[in-house]
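# Just to be clear, the model below is a prediction. Sequence and coordinates:
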Amino acid sequence: MEPLIFSHEIGIIAGVFLVGAYGLMNFGVLTTDSPLYQALNVLGALGFAYTAVSPFNPGLLLTEIVWIIVAVGFLWKIFTRRTKASNEATVIELVAPGTPTGDKETAGREVPVAG
């Protein structure tokens, strides 16, 4: 069976992505919670999965599918955590100095702070 179109080139690029991400993480340039690190993992794993289709290599294909699932899961975690943090930051209640925070009059609404 013939390899898929550009299989060799895609395999080389996939290897560069995976090894590059690993190297950048080990040198402290990227962290595992970096979207770029996880994106490089997804792209590299997609490339290797493509090369595993023809000629069929079930071990490599299964490994890369799991790798993709894990990396996409971490990307989801990264972006949902950032969205949650930014939402929490915008819902800060402002209370004037000397006003008790439990005051029924000011509870649940923003009160301008005298400058």
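Received, thanks. Residues are numbered from 1 along each chain as shown.
# elements contacting the worst-scoring helix or strand of the chain on mean pLDDT?
Within the chain, confidence by mean pLDDT, DSSP states H and E is lowest for helix 58-90 among all helices and strands, at a mean of 91. Where contact means 3 or more Cβ pairs under 8 Å, 6 or more residues apart in numbering; DSSP states H and E, helix 58-90 is packed against helix 35-53. For every residue, glycine as well, the C-beta is placed using N, CA and C.
# in this protein, what spans have low per-residue confidence?
89-115 (pLDDT under 70).
# Recalculate using a threshold of 90.
1-3, 82-115 (pLDDT under 90).
# Which residues are in contact with the residue minimising distance to the centre of it?
For the chain, Leu75 is the residue whose C-alpha lies nearest the centre (Cα atoms, centre = their mean; 2.3 Å). When contacts are counted by Cβ atoms under 8 Å, 6 or more residues apart in numbering, Leu75 touches 35, 38-39, 42.
# how about 6 Å then?
Gln38 (Cβ atoms under 6 Å, 6 or more residues apart in numbering).
# now do the one 3 residues further on
Residues counted as contacts of Ile78 (Cβ under 6 Å, 6+ apart) are 33, 35.
# Could you report the separation of it from His8?
Distance of Ile78 to His8, given as Cβ to Cβ, to the nearest Å: 32 Å.
# same check, this time on Tyr50
11 Å.
# Show me which of the two is the more surrounded one.
Ranked by neighbour count (other Cβ atoms under 10 Å), Tyr50 and His8 place Tyr50 first, with 19 against 10.
# who touches Thr51 in this structure?
For Thr51, the contacting residues are 7, 11, by Cβ under 6 Å, 6+ apart.
# cool, the one 4 residues further on as well?
Pro55 is in contact with Met1, counting by Cβ under 6 Å, 6+ apart.
# likewise Ala52?
Counted by Cβ under 6 Å, 6+ apart, Ala52 has contacts 60-61.
# can you offset everything so residue one is 720?
Sure thing, new numbering starts at 720, so read that last one as Ala771.
# For Asn776, give me phi and psi.
phi -130, psi 90 (degrees, to the nearest 10).
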